[in-house]
Structure formats: structure tokens, C-alpha cells
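Undergrad: One predicted model, sequence on top.
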Amino acid sequence: PSSAMRAGVTRRQAIGFCVAPLALAAAHAPGTGHRASGTGSAGSQAVRASRPTDIRIVDATYDFERHTYRAPYMFGGRSVDRVTLLNVHVRVRTGSGIESTGFGSMTLGNAWAYPKASQDEGLGAMMALAESCRTLTAACDEEGHPLDLWRVLEPAYLRAAVDLTRTRALTHPIPPLCTLVVASPFDAAIHDAYGKAFGVSSYATYSKAHVRHDLSRDLGPRFAGEYLDRYVPVAPRAETPVFHSVGASDAIESSDVKTRLDDGLPNTLAEWIARDGLTHFKIKLNGGNEAQDFDRITRIDRVAREAMTARRVDDWNYLLDFNEGCPNVEYLLALLRKVREATPDGFRRIKYVEQPTSRDLATDRANVMHEASKLLPVVVDEGLIDLESLLIAREMGYTGVALKACKGQSQAMLMAAAAQKYGMFLCVQDLTCPGASLIQSAGIAARVPGNAGIEANARQFVPSASAAWEPRFPGLFKIRNGVMRTGQLTGPGLSAIAP
């Protein structure tokens with residue numbers, strides 16, 4: 001069951017103008033900590049000259065939507081059994097007077113984005129921060145492309161999180177990653193509205209014809225004269241492989257099932273493989289217990305291998321996601337070597353390892369990944385919050401980055417460009433994204449060069465949240481032959497129109 005709460009919004013509330021543009025970390029050496037303060041350059045002014053391709057925000061509204069999982073999802077030692085979606089509508093007006101409304105939606109994944117807080121405190125803070133983001137978005141008086149507005153709004157959102165931490169006397173400060181998650185549907189709605197205003201895909205607006213500034217404004221002088229269209233194509237791939245998430249407590253085979261769910265959906269990994277024709281598997285591991293992690297990896301490899309042999313499939317792949325669970329890099333190295341010895345072919349099929357140790361890269365510099373990345377690509381996920389963190393991760397031996405819609409469309413596009421420039425491996429993950437959030441995530445995954453596939457686990461844990469969307473996007477929410485039909489995501493904006 002789901003419920004919704006509306007939050008009314010007045011147009012452009014008189015709270016002053018938005019902060020001046022903030023250059024991202026590329027303009028500074030890594031370690032300056034710009035994100036912690038979230039402050040812009042005092043006295044600098046945003047460009048105000050109107051162009052036909054500019055937009056200005058007219059108003060914004062949001063609501064919350066709640067769903068219960070059909071089964072708990074365990075990752076990184078945490079178990080989640082429900083979700084609150086933040087749905088956002090933003091109305092914009094172009095420089096020539098055309099108005100359009102964009103839609104964005106995102107899971108408020110507090111267990112992932114704000115893990116130090118309790119369930120009630122973390123989710124409550126995120127819901128309160130949504131109102132702050134709405135106020136700032138509706139009041140923003142700047143004009144430009146969505147990337148220009150994000151450059152203005154992101155530091156304001158970060159400051160709002162700092163203020164909220166103080167006014168709510170929170171036990172733990174709201175982390176920047178959490179702020180990005182709450183802000184992401186506002187950013188998505190702006191990109192969506194922009195594309196719809198001009199009747200084109202948002203991905204067709206990332207060139208010089210629409211964007212005011214080249215990428216050097218956000219990513220530094222190495223990007224002078226370059227725009228996002230150099231790194232992110234307009235047309236999506238026809239199909240994108242789906243990485244099926246095997247939660248840390250999911251049943252692998254029938255003997256693991258304690259209480260069978262009779263809801264018409266599979267209960268075990270073996271059943272999911274048969275139903276969806278899966279070939280890509282994301283293995284969630286808790287870390288901290290090498291024997292348990294080893295057993296889970298090798299059991300999943302055995303079950304997948306048996307299924308693939310029966311189907312006469314030769315090509316299948318895994319990825320390992322620890323969600324920071326490894327106590328140190330030595331743990332990771334020992335486990336990988338043990339797996340390689342036990343199942344050489346299974347090890348060969350591991351595409352990459354995701355966020356093995358702490359997300360706080362700046363204070364965890366001892367856990368470098370140079371040796372691990374000689375075995376497999378190592379991807380930064382929770383630790384990627386801006387360009388500065390990407391550069392730190394690269395210094396520490398991470399060889400890839402995980403792009404996520406829940407960190408914002410603007411950030412995903414900028415990090416996609418930066419990662420390609422710095423020769424890093426790219427992948428796209430989700431945050432149990434249903435409905436419009438999956439459409440947005442799939443749009444990113446289908447366009448990012450070199451991406452191996454897309455995680456799409458809402459169909460496993462909370463399919464009810466996508467029920468209204470399924471008829472209009474065949475092959476996106478229900479998987480066949482292990483792939484998602486992403487070629488259909490060419491509509492205006494981000495291709496999602498709220499049902």
C-alpha cells in the first residue's frame with residue numbers, strides 16, 4: 001500500500017536570491033573541502049542575460065509516497081523493508097516565454113545515504129530537507145541551463161542541510177551524500193522540464209547550443225572548449241544488461257527459503273534466473289566474515305553456473321558490492337585470492353568490486369586499492385560525492401566510478417565526463433529505484449560509454465511502486481532475456497511522464 005502527502009508551494013517566495021555560482025572542486029586542489037562548507041564566492045554574480053534557450057524556475061511542488069517491500073533487502077549489514085519516495089514537479093519558463101513542467105522522483109534511502117542516523121531520525125531529516133530544497137528551488141531567481149541552475153542550487157542545498165542539522169539538533173550531521181539524494185529529484189525535474197520545454201530529450205540539450213558554459217566551469221581547465229555531448233551521446237542503446245541484485249540475506253536456492261512468499265514472484269536466485277533469463281549478478285556482501293563472504297560468492301557461482309549450463313549460456317558476469325563492509329583492504333585481497341583459487345572461471349567473470357571499504361576517503365587514505373585493482377577494477381560509490389572525491393579515489397587506486405541518478409542528473413553527467421577524461425571505468429547503479437527514478441537511471445545507463453549494465457532491484461523488492469508505470473514502458477520494469485529495453489527512452493525530457 002502507498003500513501004501521499006502534498007506540500008503546497010507559493011511562487012518564488014521572497015527569501016532573497018540564490019547564492020552565486022560555485023565552481024566545483026576542479027578549480028581547487030583536492031583536499032580544500034569545498035563541499036563541507038558549501039559556500040559560494042562572495043560578491044560573484046550569476047549571469048542574468050536571458051537567452052531563448054535559458055529557463056527560469058516558476059514554482060515547485062512535491063509529495064511523499066510510501067511502499068512496503070515484499071521481502072527485506074540486506075546490504076552492508078543493514079536490512080531495509082520499506083521505502084519513501086520523494087516525487088517532485090518543477091515548472092519552468094524559457095527565455096521566449098514557453099512554460100513546461102518536469103517530474104523527478106527518488107527513493108529516500110536513508111539506510112544507505114545517512115547510515116549513522118536511526119531510521120526515524122534519518123528519514124525524518126531527509127523529509128524535512130525536502131521542504132528546504134523545495135523552498136530554495138522555488139525561490140531561485142537565476143536563468144540558464146539546468147547545469148547552470150545546479151551550480152547555483154547545490155551549495156544552497158548543502159548549507160540548508162547544515163542548518164537543519166543544527167535546528168533539529170541531530171545526533172549526526174546530515175552528510176553531503178544524503179543531501180544529494182534529497183536534492184536529486186529536484187534536479188531531475190529541472191532537466192526534465194528543460195527538455196520538455198524544447199520538445200527534445202534532455203540528452204539532446206548537453207551541447208554548446210543550449211549550455212552557457214563549457215565543462216571547464218565545473219571540471220577545470222582540462223575540459224576547456226568541451227561540452228557534455230562529447231562524453232554522453234543523445235541516443236540510448238537498444239538494450240542494457242540488468243545486474244540482478246542478490247541481497248546479503250536473499251535465498252539462493254530452495255533450502256534457504258524459510259517462509260515462501262506466494263505473490264507470483266520468484267523466491268530464490270535460481271527461480272529469478274529462470275524467470276528473467278538473467279546473465280548479470282550483483283552479489284551483496286556484508287564483509288567482516290571472510291568465511292561467510294567466500295561461501296556466498298561460491299554458492300552463487302555454483303547456482304548460476306548450473307542454470308547457465310542448463311540454458312546453454314556461455315557468457316555471464318558478477319560484481320561484488322561490500323557497501324564498505326571490508327574492515328581493510330587486506331581483507332578484500334585475501335578474499336579475492338581465495339575465490340580465484342577455488343573457482344578460477346567464477347573469478348574471471350567478476351567485472352568489478354564496488355566500494356569495499358569506508359566511504360570517507362579523506363580519512364581512510366591508508367586503505368588504498370592499488371593492489372586490489374591489479375586483480376579487478378575497484379569502483380567508488382558511496383565515496384563519490386563530487387569531483388574532489390573522484391580525484392582522491394583515483395589517487396587511492398580506485399579505477400572506476402559508480403554513477404547514480406540518486407546523486408543528481410547534473411552530477412551523474414559531470415562525473416561521467418570526468419571519469420572518461422581520467423580513464424576510469426564507468427558503471428551505473430541504483431538505489432532500489434522504482435517508477436520515474438528507474439526510467440532516469442536507465443536513461444543514464446543506456447548512454448554512458450562502456451557501462452557494463454544497470455542494477456534494477458525495485459522489481460525484486462518493491463514492484464508495487466512501479467505498477468502504474470509498467471504498461472507504458474514494456475520491457476523496462478519486467479526483464480526478459482536478462483536485458484532491459486532501453487532504446488525506448490527517447491521521449492522529451494528524461495522520458496518519464498507521471499501517470
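TA: Cool, got the structure.

Undergrad: Show me what the longest strand along the chain packs onto, helices and strands only.
TA: Determined from DSSP state E, the single longest strand within the chain is strand 55-75. Contact analysis of strand 55-75 by 3 or more C-beta pairs under 8 Å, 6 or more residues apart in numbering; DSSP states H and E lists strand 4-7, strand 78-94, helix 119-139, strand 143-144, helix 146-167, helix 176-198, helix 458-461 as its packing neighbours. All C-beta spots, glycine's among them, are computed from the backbone N, C-alpha and C.

Undergrad: Let me have these in JSON lines, extended by mean neighbour count.
TA: Output for those, formatted as JSON lines (neighbours: other C-beta atoms under 10 Å):
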{"stretch": "strand 4-7", "mean neighbour count": "11"}
{"stretch": "strand 78-94", "mean neighbour count": "21"}
{"stretch": "helix 119-139", "mean neighbour count": "20"}
{"stretch": "strand 143-144", "mean neighbour count": "24"}
{"stretch": "helix 146-167", "mean neighbour count": "21"}
{"stretch": "helix 176-198", "mean neighbour count": "28"}
{"stretch": "helix 458-461", "mean neighbour count": "24"}
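
Undergrad: Need the ones you listed in a markdown table (columns: distance to residue 241).
TA: Conversion of the helices and strands packed on strand 55-75 to a markdown table gives the following (distance: least, C-beta to C-beta, whole Å):
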| stretch | distance to residue 241 |
| --- | --- |
| strand 4-7 | 34 |
| strand 78-94 | 24 |
| helix 119-139 | 31 |
| strand 143-144 | 36 |
| helix 146-167 | 29 |
| helix 176-198 | 24 |
| helix 458-461 | 14 |
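
Undergrad: quick one: which of the ones you listed is nearest residue 477?
TA: helix 458-461 (5.9 Å; C-beta to C-beta).

Undergrad: Quick one: mean pLDDT over the helix or strand that comes right after the closest one.
TA: Next in sequence after helix 458-461, counting helices and strands by DSSP states H and E, comes strand 483-485. The pLDDT scores in strand 483-485 average 98.

Undergrad: ok, residues contacting strand 483-485?
TA: Strand 483-485 is contacted by residues 238-242, 442, 454, 456, 474-476 when judged by C-beta atoms under 8 Å, 6 or more residues apart in numbering.

Undergrad: what about that strand, distance to the chain center?
TA: Using C-alpha atoms, centre = their mean, to the nearest Å, the distance from the centre of strand 483-485 to the centre of the chain it belongs to is 19 Å.

Undergrad: Stretch 439-447 now?
TA: 10 Å.

Undergrad: Quick one: residues in contact with that stretch.
TA: Taking contacts as C-beta under 8 Å, 6+ apart, the residues outside stretch 439-447 that touch it are 104-105, 188, 203, 232-237, 240, 403-405, 409, 412, 416, 428, 430, 433, 451, 453-454, 456, 469, 473, 476, 484, 486-487, 489, 494-496.

Undergrad: can we see that at 6 Å?
TA: Contacts with stretch 439-447, where a contact means C-beta atoms under 6 Å, 6 or more residues apart in numbering, come from 188, 232-233, 236-237, 240, 403, 405, 412, 428, 430, 433, 451, 454, 484, 486, 489, 494-496.

Undergrad: Mind checking which of these are in helices?
TA: Using DSSP state H to define helices, the subset of the contacts of stretch 439-447 located there is 188, 412.

Undergrad: So which of the contacts of stretch 439-447 sit within strands?
TA: Using DSSP E, 240, 403, 428, 454, 484 are the members of the contacts of stretch 439-447 that sit in strands.

Undergrad: Against residue 231, how distant is the first one?
TA: Relative to residue 231, residue 240 is positioned 18 Å away (C-beta to C-beta, to the nearest Å).

Undergrad: What of the third one?
TA: Residue 428 sits 14 Å away from residue 231, taking C-beta to C-beta as the criterion.

Undergrad: who's more crowded, those two?
TA: Under the criterion of other C-beta atoms under 10 Å, the comparison of residue 428 against residue 231 puts residue 428 first, with 26 against 22.

Undergrad: per-residue pLDDT, that one?
TA: Per-residue pLDDT puts residue 428 at 95.

Undergrad: Please list all residues in contact with it.
TA: With C-beta under 6 Å, 6+ apart as the criterion, the residues that contact residue 428 are 403, 444-445, 451, 454.

Undergrad: at 7 Å what do you get?
TA: Residue 428 sits next to 403, 441, 444-445, 448, 451, 454 when contact means C-beta atoms under 7 Å, 6 or more residues apart in numbering.

Undergrad: now swap in residue 478 and tell me
TA: Taking C-beta under 7 Å, 6+ apart as the contact definition, residue 478 lies against residue 470.

Undergrad: Tell me if I'm right that residue 60 and residue 87 touch.
TA: No: at 11.4 Å, residue 60 and residue 87 do not qualify as touching, with contact defined as C-beta atoms under 7 Å.

Undergrad: In this protein, what helix or strand scores lowest on average pLDDT?
TA: When the helices and strands of the chain are scored by mean pLDDT, DSSP states H and E, helix 34-37 comes last with a mean of 30.

Undergrad: For the contacts of residue 428, give me JSON lines that also has neighbour count.
TA: Shown next, in JSON lines, are the contacts of residue 428 (neighbours: other C-beta under 10 Å):
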{"residue": "403", "neighbour count": "24"}
{"residue": "441", "neighbour count": "26"}
{"residue": "444", "neighbour count": "26"}
{"residue": "445", "neighbour count": "31"}
{"residue": "448", "neighbour count": "25"}
{"residue": "451", "neighbour count": "19"}
{"residue": "454", "neighbour count": "26"}
